[in-house]
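In: Predicted model, plus sequence, below.
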Amino acid sequence: MVYLDNASTTAVHPEVIQLMTEQMNQVWGNPSSTHSLGRQAKSAIESARKTIAKLIGASSNEIIFTSGATEALHTIIHGCIEHHHIQRIITTKIEHHAVLDTIQSLKHVEVNYLSVSDSGEINYNELEKKLQENIPTLVCLMHVNNEIGNITDLKKVSHWCAQYQALFLSDTVQSLGKEIIDVSEVGVDFLIGSAHKFHGPKGIGFYYKKKTLGLPSVFKGGDQEKGLRAGTENTFAIVGMAKALEIAIKNLAQNQTYLFELKEYAKSELLEKFPETIINGSSDAASHILNITLPLDDSKASMIVFLLDMNGICVSRGSACQSGSSKPSHVLQEILPDNLLKKPSIRISFSYLNTKNDIDELIIALQKI
Ligand code: PLP
């Protein structure tokens, strides 16, 4: 099996598995219990929080653990409306559905969608103009797009948001551990992480919030996470997430170089074997995502992922949570003309575990289809 779907999820790193297994055996107390077993679990959580905070240039009290990115996004978006009296959200139609659907479920909030170019580039001028309107605003712009890999200029957006007193949330799920993020330099108000995207366990994530900003807890109950997220913490997963992020950031530069090489190889091989292949998104997209439209018959569009799977190749058409859908991806819908939307498109996404041989196997499979 060739796995080229690392933007959907990644294999858990062996060191993370080992650490989590040890913790399950030894640190299983309830972190809220005041006895020694509880305190041991609490200390493991606090040490993980410190590690994560340090890795992104934050303070420990700015990191709040959640069940993943979806919960984190929901908490921040709803919390900003409730607590910061946000009246308007500025975003784009190429965000992840966890953002788009949360925003669409809101009542009494104006939503402005920035236009994007046919390579998925955000219209930054439009953003600055809208921010000048002086309406209490939350800007939601993802750092790395999960389907086409485009990278948002966080510094530029943060700068304008600070200048016009808007709050800035960036969905950093696809960039954390893959791009350098230092909140003390970037100045973003909220960002998020989901461990399974960087070789950690599933069902655990966190959000960063500037310490000066308050947010209410979505869940009521216990006082965990300083009252910001009720519910017994998943100690093992939290510890595993911190370890996974530590490894990812330690190897970030080396992995990025390796993945760019793989991506270039994939592009050149695809263009040689299928000369009319179209590379979707920006030419300087992130190293781990390559989105292509193939010059194959339109009839193969909805079956392409299945046909590749039959040949031992795992890729996806868009985000994993939409993969059962026969509709074209909402991101490609925003950037491609109708004739290309009908063609088969796939997202190939890499990790350090992939090799050029995986790309050769993908090409062989595509040639059989
Ligand atoms: N945001 C982006 C950009 C994603 O790629 C994903 C997962 O695919 C999510 C949010 C949601 O993450 P999770 O399913 O871990 O909550």
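Out: Yep, it's here. All of these numbers come straight from a predicted model, not from anything done at the bench.
In: in which helix or strand would I find the residue positioned nearest the centre of the chain?
Out: When CA atoms, centre = their mean is applied to the chain, the residue found nearest the centroid is Val173 (2.1 Å). Element membership for Val173 (DSSP states H and E) is empty, with no helix or strand holding it.
In: again, but for Gln367
Out: Element membership for Gln367 (DSSP H and E) is helix 356-368.
In: mind listing what's buried in that helix?
Out: Residues Asp358, Ile359, Glu361, Leu362, Ile363, Ala365, Leu366 are the ones in helix 356-368 that count as buried (16 or more other CB atoms under 10 Å). All C-beta atoms are positioned from the backbone trio N, CA, C, and that covers glycine.
In: Repeat that for stretch 289-297.
Out: Ile289, Leu290, Asn291, Ile292, Thr293, Leu294, Leu296.
In: Closest one of these to the ligand?
Out: Ile289 (10.0 Å; CB to the nearest ligand atom).
In: That closest one touches Ser349, doesn't it?
Out: Yes - with contact defined as CB atoms under 8 Å, Ile289 reaches Ser349; the gap is 5.1 Å.
In: which neighbours do those two share?
Out: Each of Ala7 lies in contact with both Ile289 and Ser349 under the rule CB atoms under 8 Å, 6 or more residues apart in numbering.
In: picking that back up, report the contact partners of the residue nearest to the centre of the chain.
Out: Ala69, His96, Met142, Asn146, Ile192, Gly193, Ser194, Lys197.
In: Let me know the closest of those to Val27.
Out: Closest approach to Val27 among those (CB to CB): Gly193, at 21.7 Å.
In: Excluding covalently adjacent residues, which one is nearest to that closest one?
Out: Leaving aside its sequence neighbours, Gly193 sits nearest to Leu176 (CB to CB, 6 or more residues apart in numbering; 4.5 Å).
In: Also Thr10?
Out: His199 (4.7 Å).
In: which residues in the chain form helices?
Out: Using DSSP state H, the helices assigned to the chain run over residues 14-26, 36-55, 69-84, 97-104, 124-131, 154-163, 183-186, 235-250, 252-273, 304-310, 330-335, 338-341, 356-368.
In: one step back: verify the stated contact: the residue nearest to Thr10 with Ala248.
Out: Yes - shown here, His199 and Ala248 form a contact pair, counting by CB under 8 Å, at 6.5 Å.
In: most tightly surrounded among the helices of the chain?
Out: Stretch with highest mean neighbour count among those: helix 235-250 (a mean of 23; mean count of other CB atoms under 10 Å).
In: right, is it up against the ligand?
Out: No - using CB under 6 Å from any ligand atom, helix 235-250 stays clear of the ligand, coming no nearer than 11.2 Å.
In: Which other helices and strands does that helix contact?
Out: In terms of contacts (3 or more CB pairs under 8 Å, 6 or more residues apart in numbering; DSSP states H and E), helix 235-250 is packed against helix 14-26, helix 36-55.
In: export it as CSV, just CAs?
Out: Extracted C-alpha coordinates of helix 235-250, given in CSV (Å, rounded to 0.1, in the frame of the first residue of the first chain):
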residue,chain,number,x,y,z
THR,A,235,-3.4,12.7,29.5
PHE,A,236,-1.8,10.0,27.2
ALA,A,237,-2.9,11.8,24.0
ILE,A,238,-1.7,15.2,25.3
VAL,A,239,1.7,13.8,26.2
GLY,A,240,1.8,12.1,22.8
MET,A,241,0.9,15.3,21.0
ALA,A,242,3.7,17.2,22.7
LYS,A,243,6.2,14.5,21.8
ALA,A,244,5.0,14.4,18.2
LEU,A,245,5.3,18.2,17.8
GLU,A,246,8.7,18.2,19.4
ILE,A,247,9.9,15.6,16.8
ALA,A,248,8.2,17.4,13.9
ILE,A,249,9.7,20.8,14.8
LYS,A,250,13.2,19.3,15.4
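In: Pull the contacting residues for the residue nearest to Thr10.
Out: So His199 contacts Thr10, Ala11, Val12, His13, Val16, Gly177, Ala244, Ile247, Ala248, Ser351 (CB under 8 Å, 6+ apart).
In: and which of those residues is nearest to the ligand?
Out: Thr10 (11.2 Å).
In: The stretch 151-300 of the chain against the ligand: which residues are in contact?
Out: With the criterion set to CB under 6 Å from any ligand atom, the stretch 151-300 of the chain comes near the ligand through Asp171, Val173, Gln174, Ser194, Gly205.
In: now the helices of the chain as a markdown table including distance to Lys211 and mean pLDDT?
Out: Output for those, formatted as a markdown table (distance: least, CB to CB, whole Å; pLDDT from 0 to 100):
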| stretch | distance to Lys211 | mean pLDDT |
| --- | --- | --- |
| helix 14-26 | 28 | 97 |
| helix 36-55 | 11 | 98 |
| helix 69-84 | 15 | 96 |
| helix 97-104 | 23 | 97 |
| helix 124-131 | 24 | 97 |
| helix 154-163 | 16 | 97 |
| helix 183-186 | 11 | 95 |
| helix 235-250 | 19 | 98 |
| helix 252-273 | 25 | 98 |
| helix 304-310 | 43 | 96 |
| helix 330-335 | 34 | 97 |
| helix 338-341 | 44 | 93 |
| helix 356-368 | 43 | 97 |
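In: Any buried residues in stretch 346-358, and which?
Out: For stretch 346-358, the neighbour count (16+ other CB under 10 Å) marks Ile346, Arg347, Ile348, Ser349, Phe350, Ser351, Tyr352, Asn354, Asp358 as buried.
In: Please consider this matter closed, and thank you.
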